[in-house]
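# Provided below are the primary sequence and the corresponding predicted coordinates.
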Amino acid sequence: MLQSIVNDIKWQSKYGSPTIKLILINIGIFIIINLLILVDFLMKGPNLGLLAIKNLSLHTGSALLKKPWGIFTYMFVQADFFHLLFNMLVFYWFSSYITNLLGNKKIVPIYILGGLFGALFFIVGTYLLSNNYPKMINNYAIGASASVMAIVLSAATLSPDAEMRLLFLGNIKLKWIAAVYVFLDITMISSSNSGGHIAHLGGALFGFIYIKQLQNGNDWSLWFYSIIDKVKSLFSKEKNIKVEYINKDKEKPKSKQQDIDKQQHLDEILDKIKLSGYDSLSKAEKDFLFKISKED
């Protein structure tokens, strides 16, 4: 059973959708941090879990200058199990609407950029409210909620009349679910988690504006993927200048046909996984899939 779970995780991390990969990242970081907390408990120190959380959190004040990477990393750190569970479930449910209408490629930029927008709102909001709430100046934030709110508002803006079935409530339109989320965050700004709710609203605002701009022909994610492509090109530069000497007349037709056969076999395996799951594969098919995953 354990081996089956490990194989499923490996397959999803390699071939899974962007939504699943982001969920796996959140779960992985959560597990690592809690293992460190367990070590701290057993050894009665040295607070490795708390140290990890502090170094991955989004800070304000002077701490922000010392740990600027927190603007990015905070959106992958969850406070506790139920925080993780709720965020990932909502993320999974609402991202499916975006995927069905726009494809998988928009999920990552909405998640990341929504989280960054939420971080900006958190930082600015902290300074604006610090006069009334002095403790907020040394506040910090963790959690994927701002990113998830960006996904929620993106889905609701993209398809406001689409319905989601909720327990005890039946089918509810996405626009009403999103409206309730936003309303709750607005009314809870005066709570003990003021900065967190402001960050949620920042992510929500990004999701709404992003889809509106996309509908007007302006895709804010293009520059995001432009940066990703440049980073990838840096790591693949040596591969691009690799020179091989082959007999074109003999090797090229054979190689081309082998590639076609290999792709057809891979497609058949992937279709089988979709229908019956990874465990339905034969050992030969699993070995073939593993071999393909190791190829460049």
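Everything's here; your move. Numbering: from 1, shown residues only.

# buried stuff in stretch 150-163?
Residues 150-159 are the ones in stretch 150-163 that count as buried (16 or more other Cβ atoms under 10 Å). Every residue, glycine included, has its C-beta placed from N, CA and C.

# now that stretch - C-alpha only, PDB.
Extracted in PDB, the C-alpha atoms of stretch 150-163 (Å, rounded to 0.1, in the frame of the first residue of the first chain):
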ATOM      1  CA  ALA A 150      -7.300  34.700  -6.300                       C
ATOM      2  CA  ILE A 151      -8.400  31.300  -7.700                       C
ATOM      3  CA  VAL A 152     -11.900  31.700  -6.200                       C
ATOM      4  CA  LEU A 153     -12.500  35.200  -7.600                       C
ATOM      5  CA  SER A 154     -11.000  34.200 -11.000                       C
ATOM      6  CA  ALA A 155     -13.400  31.200 -11.300                       C
ATOM      7  CA  ALA A 156     -16.400  33.300 -10.100                       C
ATOM      8  CA  THR A 157     -15.500  36.200 -12.500                       C
ATOM      9  CA  LEU A 158     -14.900  33.800 -15.400                       C
ATOM     10  CA  SER A 159     -18.100  31.800 -14.800                       C
ATOM     11  CA  PRO A 160     -20.300  33.600 -12.300                       C
ATOM     12  CA  ASP A 161     -23.400  31.500 -12.900                       C
ATOM     13  CA  ALA A 162     -21.700  28.100 -12.700                       C
ATOM     14  CA  GLU A 163     -22.900  26.100  -9.700                       C
END
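
# list the contacts of it.
Here stretch 150-163 makes contact (Cβ atoms under 8 Å, 6 or more residues apart in numbering) with 90-91, 94-95, 97-98, 101-102, 106-107, 110-111, 113-115, 117-118, 171-175, 177-178, 181-182, 203-208, 210-212.

# where in this structure is pLDDT low?
Where the chain drops to pLDDT under 70, the residues are 130-138, 236-257, 273-279, 289-290, 292-296.

# would you map the helices across it?
With helices called from DSSP state H, the chain shows them at 2-15, 18-43, 48-56, 62-66, 70-73, 81-102, 107-129, 145-158, 174-187, 194-215, 222-235, 237-240, 248-276, 283-294.

# looking at those, which one is packed in the most?
helix 145-158 (a mean of 29; mean count of other Cβ atoms under 10 Å).

# and that one with helix 194-215, angle?
Angle between the axes of helix 145-158 and helix 194-215 is 30 degrees (criterion: axes from the mean of the first three to the mean of the last three Cα atoms, to 10 degrees).

# and the angle for helix 145-158 with helix 107-129?
Using the same axes, to 10 degrees: helix 145-158 against helix 107-129 is 120 degrees.

# and helix 145-158, how far from the chain's centre?
On the basis of Cα atoms, centre = their mean, to the nearest Å, helix 145-158 sits 12 Å off its chain's mean C-alpha point.

# got the angle for that helix vs helix 81-102?
Using the same axes, to 10 degrees: helix 145-158 against helix 81-102 is 30 degrees.

# ok now stretch 172-180, how far from the chain's centre?
Counting by Cα atoms, centre = their mean, stretch 172-180 comes out at 22 Å from the chain centroid.

# my guess is residue 34 contacts residue 50, does it?
No - Residue 34 lies out of contact with residue 50 (Cβ atoms under 8 Å); the separation is 11.7 Å.

# what residues are up against the residue most central in space within the chain?
For the chain, the residue sitting closest to the mean C-alpha position, by Cα atoms, centre = their mean, is residue 22 at 3.2 Å. By Cβ under 8 Å, 6+ apart, the contact list for residue 22 reads 91, 107-108, 111.

# what do you get if the cut-off is 7 Å, keeping everything else the same?
Counting by Cβ atoms under 7 Å, 6 or more residues apart in numbering, residue 22 makes contact with 108, 111.

# ok, it to residue 192 distance?
Residue 22 sits 28 Å away from residue 192, going by Cβ to Cβ, to the nearest Å.
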